[in-house]
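Student: For reference, the sequence and a predicted model appear below.
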Amino acid sequence: MRKLGILLAVVLFGLMVFAEVDIDSLVNRIELLEEYANMIYDTVGTKADLEKVCLLEASVTELYDSIDGLNEILTGLAAQIGDTDYLLRKQIENTQKDFNSKLEEYAKNQQAYDERISAVETDILNIKNTIDTGLPALRDMLYELSDNLAALEERLTSYIEVSINSLKEEMVKEGITTEAPNNDFETALEDIKVTLDIHDNDILKIYETLGTLSDQIAALEEKIIDPEAIETLTLKVDMHDQDIVNIYDNLSQKADREQVDQIETALENYATREEVTKMLSDSEKKFDEKLNNVNTIAWFGIILGVVAVVFSIAK
């Protein structure tokens with residue numbers, strides 16, 4: 001009987017130590033142990049006293065209470081994990097929507113920038129084509145105007161000389177001399193001088209205008225042919241391209257602080273969930289190990305009981 005009491009104490013201790021096991025599995029184990037105990041009682045031919053049975057029932061009741069408490073804890077953890085998972089998925093969905101909206105906005109801005117750059121490039125090409133085709137024509141027109149002015153000056157000079165010679169011949173025919181006082185002659189001569197002065201001034205103005213236009217065309221040609229101006233324009237276009245790249249980087253990398261905090265909290269909750277899952281997995285492994293130990297101890301106790309019965313019969 002003493003050995004049987006030791007066996008029951010060992011079994012009870014094992015049950016109390018591993019009170020956090022699954023209910024159904026533990027009930028099955030308890031029923032199996034009860035069957036083994038009944039078999040031992042039947043073999044020995046004795047029964048435990050009422051006090052021990054009451055203690056055993058109290059221990060079993062306490063064990064059931066512990067199991068119920070463990071189930072409540074696991075249920076609460078499962079509910080918390082479900083809420084955390086829902087919040088995390090909701091935050092990820094909202095973050096994805098915000099990112100998609102910003103990405104669409106960037107795509108629209110990118111398209112607008114591309115259109116503006118294309119328009120600027122088109123304008124530059126049109127200006128270049130206009131200059132390439134217009135400058136030679138303008139230069140030819142200026143050269144032709146210069147030739148026409150030279151021809152006009154030559155013709156005007158010839159006309160004045162011919163007019164003066166004709167006037168002199170008529171004066172000689174009519175017996176008029178430049179030495180004698182003649183108001184008509186002096187008036188005609190003054191008119192001719194005034195006309196010559198006017199034509200001289202007009203010719204000088206035309207030459208000045210022609211020189212100014214020539215200087216402007218030369219300066220414009222230098223700007224067009226100047227590689228530094230072309231390089232400056234290229235650098236400006238590259239700067240615009242770099243600005244667009246910087247805008248894309250800012251949109252891709254810069255995030256709202258509140259969203260960052262929400263994501264960090266969600267990640268921490270997700271990490272907590274992973275830890276709970278790992279803890280449950282570890283607890284299940286420990287339960288299996290302890291259950292195997294209980295089975296080993298139970299079988300060892302049964303063997304000891306059988307050996308004790310055999311020795312009692314042998315005596």
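Tutor: Cool, the structure landed.
Student: can we go C-alpha only for contacts and neighbour counts from here?
Tutor: OK.
Student: Count the neighbours of residue 121 for me.
Tutor: A count of neighbours around residue 121, defined by other C-alpha atoms under 10 Å, yields 13.
Student: pLDDT on stretch 118-137, on average?
Tutor: On average, the pLDDT along stretch 118-137 is 78.
Student: Output that stretch as PDB, nothing but the C-alphas.
Tutor: Output of stretch 118-137 as PDB, limited to C-alpha atoms (Å, rounded to 0.1, in the frame of the first residue of the first chain):
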ATOM      1  CA  SER A 118       9.100  68.800 -75.300                       C
ATOM      2  CA  ALA A 119       7.500  72.200 -76.000                       C
ATOM      3  CA  VAL A 120      10.700  74.000 -75.100                       C
ATOM      4  CA  GLU A 121      12.800  71.700 -77.200                       C
ATOM      5  CA  THR A 122      10.400  72.200 -80.100                       C
ATOM      6  CA  ASP A 123      10.600  76.000 -79.700                       C
ATOM      7  CA  ILE A 124      14.400  75.800 -79.600                       C
ATOM      8  CA  LEU A 125      14.400  73.700 -82.800                       C
ATOM      9  CA  ASN A 126      12.000  76.100 -84.500                       C
ATOM     10  CA  ILE A 127      14.200  79.100 -83.500                       C
ATOM     11  CA  LYS A 128      17.300  77.300 -84.700                       C
ATOM     12  CA  ASN A 129      15.600  76.500 -88.000                       C
ATOM     13  CA  THR A 130      14.300  80.000 -88.400                       C
ATOM     14  CA  ILE A 131      17.700  81.400 -87.700                       C
ATOM     15  CA  ASP A 132      19.400  78.900 -90.000                       C
ATOM     16  CA  THR A 133      17.100  79.700 -92.900                       C
ATOM     17  CA  GLY A 134      16.400  83.400 -92.100                       C
ATOM     18  CA  LEU A 135      19.900  84.700 -91.500                       C
ATOM     19  CA  PRO A 136      21.300  83.800 -94.900                       C
ATOM     20  CA  ALA A 137      18.300  85.400 -96.600                       C
END
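Student: Identify, by residue count, the longest helix of this protein.
Tutor: Longest helix in the chain, counting residues (DSSP state H): helix 50-174.
Student: Give the other helices and strands that that one contacts.
Tutor: helix 2-17, helix 183-225, helix 227-253, helix 257-314 (3 or more C-alpha pairs under 8 Å, 6 or more residues apart in numbering; DSSP states H and E).
Student: try 6 Å
Tutor: Using 3 or more C-alpha pairs under 6 Å, 6 or more residues apart in numbering; DSSP states H and E as the contact test, no helix or strand touches helix 50-174.
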